[in-house]
Every structure is written in structure tokens, then in C-alpha cells.
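A.B. asks: What shape does this take:
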Amino acid sequence: MNLRIVRKKIKSVDNVKKITKAMELVSAVKMKKFQQLAEESAPYQLFLERGIKNIVINIEKNISSLLEAPKESQDRELAILISTNKGLCGSFNISLARFLIKNTTNNTDVVTIGKKGASLSSSLGFKVLADFSSIDPFENVSALFEFVFNQFIQGKYNKVNLFYNSYVSIIKYEPVADILLPVKFDQDINESEVQEFYKNYLIEPSAEEIMHSLLLNYIEQKIRFAVIQTQAGEHSARMMAMQNATNNATDILLNLTLLRNKLRQETITNELLDMITSKESVESNN
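C.D. replies: Down below sits the predicted model:
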């Protein structure tokens with residue numbers, strides 16, 4: 001490797017370093033925005049789920065078609081996969097795709113938000129019914145919910161699952177699978193506590209009359225919450241990926257600079273040797 005090639009490589013790596021550093025800063029700004037949104041929405045989501053749960057376990061299951069799968073539904077499942085539109089965020093989408101494969105069967109079709117998820121699902125052999133990807137991740141949530149709801153009510157699927165990456169911290173995210181339809185809640189709280197909590201509710205006109213619309217809003221909000229979690233995780237993952245890329249570029253620049261100095265020193269030494277050899281040759285001829 002000659003000195004000219006090394007200098008070109010140094011310039012190229014330095015340009016890449018500037019790009020990755022800029023992307024790291026942009027992702028940091030976006031990450032802080034969605035991190036705050038995720039942290040603020042988590043208590044609301046938890047309270048909403050607990051409140052609806054306390055009502056649901058005190059009423060009959062047949063008052064809403066969302067609490068049970070249609071009797072004549074097909075033995076198929078539908079997965080909602082929420083991913084990113086862009087790459088350069090490490091293993092964020094790949095780990096989610098692996099999680100999807102691990103927690104689904106051959107009787108599963110996919111609906112996506114995020115171009116990367118749609119591409120990965122197709123390459124993995126899943127049938128992608130629709131892709132609701134958009135520049136604004138929240139733009140098509142209502143359309144997605146309406147599509148999935150109609151598919152479930154028509155009996156085409158007996159179960160709808162929600163797959164996304166849950167934001168844990170700046171350096172950590174976890175793939176999550178939630179049952180979206182039919183609406184189910186884990187019995188993880190004391191029954192007497194539920195009854196006592198339920199007594200404090202004043203429901204007008206009645207739980208039976210508002211339950212269906214309440215569950216519809218709850219399911220749509222659950223999808224929105226998953227999108228918020230995905231956005232926070234995406235930008236934190238991209239920030240860390242670009243930070244690692246910047247650090248790697250710095251290490252490469254250091255090694256290339258040392259190599260450049262070594263080659264330049266060798267060039268200077270060779271030139272000096274040529275000069276000394278030429279001088280001795282001239283003196284010997286005289």
C-alpha cells in the first residue's frame with residue numbers, strides 16, 4: 001500500500017466519521033423526544049389497562065364481540081409487526097424478526113407498520129396483508145386498527161397479536177408480544193381488591209352499553225403505545241449504533257495515520273539513501 005492510497009483512505013474514513021457523528025446527534029435529539037413521550041404515556045397506559053380490566057372481569061363476556069373470538073373464525077392468527085422505516089439502528093429490526101418467527105406458527109399472516117418489517121416479513125415467508133408505513137408513524141394507526149378489527153370480526157382470524165420492541169432504557173430494548181384480540185387480561189391481582197376497586201367506579205349509563213366502544217378505544221391506544229415504544233427504542237438504538245461507528249472510525253483513523261507516518265518515514269529514508277548513494281558514486285568516479 002502506497003502513501004497516496006493511505007491518504008485517500010484517511011480522507012474517506014474522516015468523511016464517514018463526520019456523517020456518523022451527525023447522525024448520532026440527530027438521533028439523540030429524536031430519542032429524547034420519544035423517550036419523554038414513552039415515559040409519560042406508560043403510567044396512563046397502565047392505569048387504562050387496570051381500569052378496563054377491573055370492569056371486564058365483572059361483566060359477562062358476551063356483551064362485546066371483542067372479548068371472544070368469533071365462533072366460526074378460521075384457525076389462523078394475524079400478527080401486527082411494528083418496526084422502523086430506516087435501517088442503521090443495529091439489530092433492532094433483526095431481533096424483532098427473530099422474535100416474530102419464534103412466537104408464531106405457519107398459520108400466521110402479518111400486517112406491518114415500518115418498511116423494514118414489511119421487507120423482513122416477506123423475506124421470511126410470511127404473507128403481508130397490508131403495510132401501513134408512513135413518514136409519520138402515528139398517521140395510519142387508526143386505519144390499521146380498523147383493518148385489523150374488520151378482519152377479526154369477519155372471522156378470518158381467531159387471534160391478533162401485537163409485536164414490537166419495548167423501550168427499557170437508552171441502551172436496552174426488549175421484543176414484546178401482546179394479545180390484542182380477543183381482549184384478555186391476566187388474573188394477576190387479588191379478586192377482593194378488584195371488587196373493592198370496582199365499587200369506586202360510577203359508570204353511566206351502564207358498563208354493558210359503553211363496554212364495546214371503550215374496548216375499541218383501548219385497543220387503538222394499545223397500538224399507539226406500541227408505536228411510541230418502537231420510536232423511542234429505534235432512535236436510542238440508532239444513536240448507539242452511530243456512536244459505535246464513530247468510535248470505530250476514530251480507531252481506523254488512528255491506525256491509518258500511524259501507517260501514513262510510517263510510509264512517509266520510509267519514503268524519506270529511501271530518498272536519503274538514494275542521495276547518499278549518488279554522492280558516493282560521484283565521489284568515487286572523481
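A.B. asks: Sketch out the low-pLDDT regions of the stretch 151-286 of the chain for me.
C.D. replies: 186-201, 203, 206-208, 286 (pLDDT under 70).
A.B. asks: Which stretches in it count as strands?
C.D. replies: 159-169, 172-181 (DSSP state E, counting those that start in this stretch).
A.B. asks: For the closest residue to Gln151 other than its chain neighbours, give me phi and psi.
C.D. replies: Leaving aside its chain neighbours, Gln151 sits nearest to Tyr157 (5.7 Å; criterion: C-beta to C-beta, 6 or more residues apart in numbering). C-betas here are computed from N, CA, C, even on glycine. Backbone geometry at Tyr157, expressed as degrees, to the nearest 10, gives phi -140, psi 140.
A.B. asks: Just put the strands of the stretch 151-286 of the chain in TSV and tack on distance to Asn85.
C.D. replies: TSV is the format used below for the strands of the stretch 151-286 of the chain (distance: least, C-beta to C-beta, whole Å):
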stretch	distance to Asn85
strand 159-169	14
strand 172-181	17
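A.B. asks: and those strands, which is most packed in?
C.D. replies: The highest mean neighbour count among the strands of the stretch 151-286 of the chain, using mean count of other C-beta atoms under 10 Å, belongs to strand 159-169: a mean of 21.
A.B. asks: Which elements pack onto that strand?
C.D. replies: In terms of contacts (3 or more C-beta pairs under 8 Å, 6 or more residues apart in numbering; DSSP states H and E), strand 159-169 is packed against helix 3-56, strand 77-82, helix 92-102, helix 141-153, strand 172-181, helix 207-285.
A.B. asks: Tell me which of the ones you listed approaches Thr112 most closely.
C.D. replies: Set against Thr112 and scored by C-beta to C-beta, the helices and strands packed on strand 159-169 come closest in strand 77-82, at 4.8 Å.
A.B. asks: Give the pairing partners of the closest one; include direction for each.
C.D. replies: strand 108-113 (parallel), strand 159-169 (parallel) (DSSP bridges).
A.B. asks: The last one to helix 92-102, inter-axis angle?
C.D. replies: With axes from the mean of the first three to the mean of the last three C-alpha atoms, to 10 degrees defining the directions, strand 159-169 sits at 140 degrees from helix 92-102.
A.B. asks: and what of the shortest one?
C.D. replies: Between the direction of strand 108-113 and that of helix 92-102, the angle (the same axes, to 10 degrees) works out to 160 degrees.
A.B. asks: relative to helix 207-285, how tilted is strand 108-113?
C.D. replies: Going by the same axes, to 10 degrees, strand 108-113 makes 70 degrees with helix 207-285.
A.B. asks: after strand 108-113 comes which helix or strand?
C.D. replies: The element immediately downstream of strand 108-113 (helix or strand, assigned by DSSP states H and E) is helix 115-123.
A.B. asks: What average pLDDT does the next helix or strand after that next one get?
C.D. replies: As assigned by DSSP H and E, the chain's next helix or strand after helix 115-123 is strand 127-131. Averaging pLDDT along strand 127-131 gives 93.
A.B. asks: other SSEs contacting strand 127-131?
C.D. replies: Against strand 127-131 (3+ C-beta pairs under 8 Å, 6+ apart) you get strand 108-113, helix 115-123, helix 141-153.
A.B. asks: hey, which of those is tucked in deepest?
C.D. replies: Highest mean neighbour count among the helices and strands packed on strand 127-131 (mean count of other C-beta under 10 Å): strand 108-113, a mean of 23.
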